[in-house]
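Engineer: Sharing a model that was predicted from the sequence below.
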Amino acid sequence: MSNNINIPAGFPDSLPISSERLNFINRFKTERLGNMRPFNEFFDKDKLSKPKGMGGLNFIRKLEEPLVFQQYVLTPKQLYTGLIAVSIPLLFISSAGSTIFWIVGASATMVLGHASFLESGVDSGFTSAANQV
């Protein structure tokens, strides 16, 4: 495959794109895009790993006995309650809650929109015929 964009001989000279622009595109393709790593090397699955834990949740889960802080004894249930009590206000302060709801809403709209336009498969015709017999 050639690195240059070729224009057919019979193509009109009044192109919506100039030859200077075509030269720029060809240079960009060879200089910039030619240096990119292959897709398989860029997204190497072997370099990805599962996270070890999620901060406070991992800390609380690994406790074998209640946490003693000065004269207070804190059970895992109290620690989870405290973590939630701190996390929820931080969630609203950072406006991450609205982002989460936008993502959930947009995803639900896409899924429901796709489902509404999806044609029923061939199998549905056989199941309705089998129910009639």
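Structural biologist: Looks like it came in fine. Note that the structure is a prediction, hence the values are computed from the model and not measured. Residues are numbered from 1 along each chain as shown.
Engineer: hey, let's count contacts and neighbours off CA atoms from now on
Structural biologist: Fine.
Engineer: what's whichever helix or strand residue 106 is part of packed up against?
Structural biologist: Residue 106 is part of helix 96-117 when elements are defined by DSSP states H and E. Using 3 or more CA pairs under 8 Å, 6 or more residues apart in numbering; DSSP states H and E as the contact test, no helix or strand touches helix 96-117.
Engineer: let's see it at 10 Å
Structural biologist: For helix 96-117, the packing partners by 3 or more CA pairs under 10 Å, 6 or more residues apart in numbering; DSSP states H and E come out as helix 76-93.
Engineer: contacting residues around the helix holding residue 106?
Structural biologist: Taking contacts as CA atoms under 10 Å, 6 or more residues apart in numbering, the residues outside helix 96-117 that touch it are 88, 90, 91, 92, 118.
Engineer: now these as JSON lines including neighbour count?
Structural biologist: Compiled in JSON lines, those are given as follows (neighbours: other CA atoms under 10 Å):
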{"residue": "88", "neighbour count": "11"}
{"residue": "90", "neighbour count": "13"}
{"residue": "91", "neighbour count": "12"}
{"residue": "92", "neighbour count": "11"}
{"residue": "118", "neighbour count": "9"}
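Engineer: Tell me which two in those residues are the farthest apart.
Structural biologist: Of all pairs drawn from these, the greatest distance, 40.4 Å, lies between 90 and 118 (CA to CA).
Engineer: List the buried residues of stretch 16-31.
Structural biologist: The neighbour-count check on stretch 16-31 (16 or more other CA atoms under 10 Å) flags nothing as buried.
Engineer: Now that stretch: average pLDDT?
Structural biologist: Taken as a whole, stretch 16-31 has an average pLDDT of 81.
Engineer: Kindly format the C-alpha coordinates of it as CSV.
Structural biologist: Listed next in CSV are the C-alpha coordinates belonging to stretch 16-31 (Å, rounded to 0.1, in the frame of the first residue of the first chain):
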residue,chain,number,x,y,z
PRO,A,16,-12.6,20.8,-2.6
ILE,A,17,-9.1,20.1,-1.2
SER,A,18,-5.9,21.7,-2.5
SER,A,19,-2.7,19.9,-3.5
GLU,A,20,-0.9,21.7,-0.6
ARG,A,21,-3.4,20.2,1.8
LEU,A,22,-2.9,16.7,0.2
ASN,A,23,0.9,17.1,0.6
PHE,A,24,0.4,18.0,4.2
ILE,A,25,-1.8,15.0,4.8
ASN,A,26,0.8,12.7,3.2
ARG,A,27,3.6,14.2,5.3
PHE,A,28,1.5,13.9,8.5
LYS,A,29,0.7,10.3,7.6
THR,A,30,4.4,9.3,7.1
GLU,A,31,6.0,11.4,9.8
